[in-house]
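Undergrad: model this:
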Amino acid sequence: MTDSTFSTPFLTRLLEGGVIEQALYDAAQNKLRAQGHEPFTSLGEALYWLVEQEVLSLSQLGAIEDKADADEGFASNQVRRQALNECGEVLEQRMALRRQQETVSLSDLLPGPWWSWALGGAAIIGAACWYFLTPASVPKCDASEVTKTIRASLFTQQIRQQASQLGARASERPNMFLSSLKQIKEVGYIQSERTRACVAMLTVDKAQVPIAYEVKAKDDDFYVTGENERLLRARYAQVDREGRLPELGKPLGREGVRLAFQQGVEEYGKQGGPIAAILAQMQNGNRKPVSPLGDVLPMNDCAQVEGGVWRCKLMAEYRDPLMAALGKSGGVVLEGEFGFVREGKGWRSADNFNEQFAQVLVQSRLASIKGQQPD
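TA: Numbers count the residues shown, from 1 in each chain. Take a look at the predicted model:
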């Protein structure tokens, strides 16, 4: 039943129209009571607000869409269909607004969606004229050829962003070509992979942003990739005294964990329905769809539990379309335990993977919003 002492007409219509259930309505009421009013003026805005506030998950939103499709043509479905249509319009408006933004702050560039993800995992290739200087070893973190490569790549990407945004005023943007790297430190070195981990403070104008990157050897050349510092430090903390990365995640192994986790994440992503697809489109823009996963790192060997399930603790980078749509960094770090089972000669996610993933994702979103990491 609704609370007569606190007026929430749009939320009440969602409840009475069968769009949301009582428990979800009560949770939303508790959040709204602190504000004293509804910060939305339509059913669609109300539905979007519920997702934005983590009251309604994308899987629950997908279930609402499935119900609307199944009950199409029935009078009882009118409010549900209206709310979904309006919510889609809100998402389209947010997408158009992001495309028309005339300024890009430094936090939009680094170290969130652009630094971690817009490269799509592609390397920042070191110029050929530099490689012959250090043919036998990987350049140090503070080597001039490394810092020049990073600065040049930042500037090139900035130019591409400006060119893709009509009406953008370049004079109001920080000049990435004038950036500098300070407080450069080496985190570790994996001898077997000829890979060096680095952290630094990127300074542009008066702003400072911490970044992390790897310098990797490739034949006689090298390349640099942007990395998430938290995951980078966790990975290099596993390196043994001989400079090797041990094979964790047994019996799946590192690659087995990555493939099984990727399969589970892809299945989870299919729950969201058309609105989730709009969120993904907002994040990708005109680029080709890319994998939602970055690096996947087993933290130890897996433990067998009931039902033939192997429980593995891992960390992973995830491109979260909801966080990107809300204007936050699209890349979040997931850390938790996930179940996997054997399937033929390989592995797949366990039956309760979606629940495990949803719980860890919510924790990571809240930590990202609060500017801290989950315990």
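Undergrad: residue 198 belongs to a strand?
TA: Yes - per DSSP: H, G, I helix; E, B strand; the rest coil, residue 198 lies within a strand segment.
Undergrad: how about it: what's its closest non-neighbour residue?
TA: residue 141 (3.5 Å; CB to CB, 6 or more residues apart in numbering). To be clear about C-beta, it is placed using only N, CA and C from the backbone, and glycine gets the same treatment.
Undergrad: stretch 267-285 - what's its average pLDDT?
TA: Taken as a whole, stretch 267-285 carries a mean pLDDT of 61.
Undergrad: whoops, stretch 346-365 was the one
TA: The model assigns stretch 346-365 a mean pLDDT of 90.
Undergrad: just so I have it, where are all the strands in the stretch 101-250 of the chain?
TA: Applying DSSP state E, counting those that start in this stretch to the stretch 101-250 of the chain gives strands spanning 124-125, 180-190, 195-204, 207-218, 221-227.
Undergrad: of all the ones you listed, which one is nearest residue 57?
TA: Nearest of those to residue 57, taken as CB to CB: strand 221-227 at 28.9 Å.
Undergrad: in its sheet, which strands sit next to the closest one, and in what direction?
TA: Looking at strand 221-227 with DSSP bridges, its partner strands are strand 124-125 (antiparallel), strand 207-218 (antiparallel).
Undergrad: most tightly packed of those strands?
TA: Stretch with highest mean neighbour count among those: strand 207-218 (a mean of 18; mean count of other CB atoms under 10 Å).
Undergrad: and residue 340, its phi and psi?
TA: The phi/psi pair for residue 340 (degrees, to the nearest 10) reads phi -140, psi 150.
Undergrad: circling back: can you redo the strands of the stretch 101-250 of the chain as a markdown table with distance to residue 54 and mean pLDDT?
TA: Formatted as a markdown table, the strands of the stretch 101-250 of the chain follow (distance: least, CB to CB, whole Å; pLDDT from 0 to 100):
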| stretch | distance to residue 54 | mean pLDDT |
| --- | --- | --- |
| strand 124-125 | 35 | 35 |
| strand 180-190 | 33 | 92 |
| strand 195-204 | 31 | 90 |
| strand 207-218 | 27 | 86 |
| strand 221-227 | 27 | 83 |
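Undergrad: so can I have a markdown table of the ones you listed showing distance to residue 26?
TA: Shown next, in a markdown table, are those (distance: least, CB to CB, whole Å):
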| stretch | distance to residue 26 |
| --- | --- |
| strand 124-125 | 50 |
| strand 180-190 | 46 |
| strand 195-204 | 45 |
| strand 207-218 | 40 |
| strand 221-227 | 42 |
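Undergrad: if anything else comes up later, I'll come back, but that's it for now.
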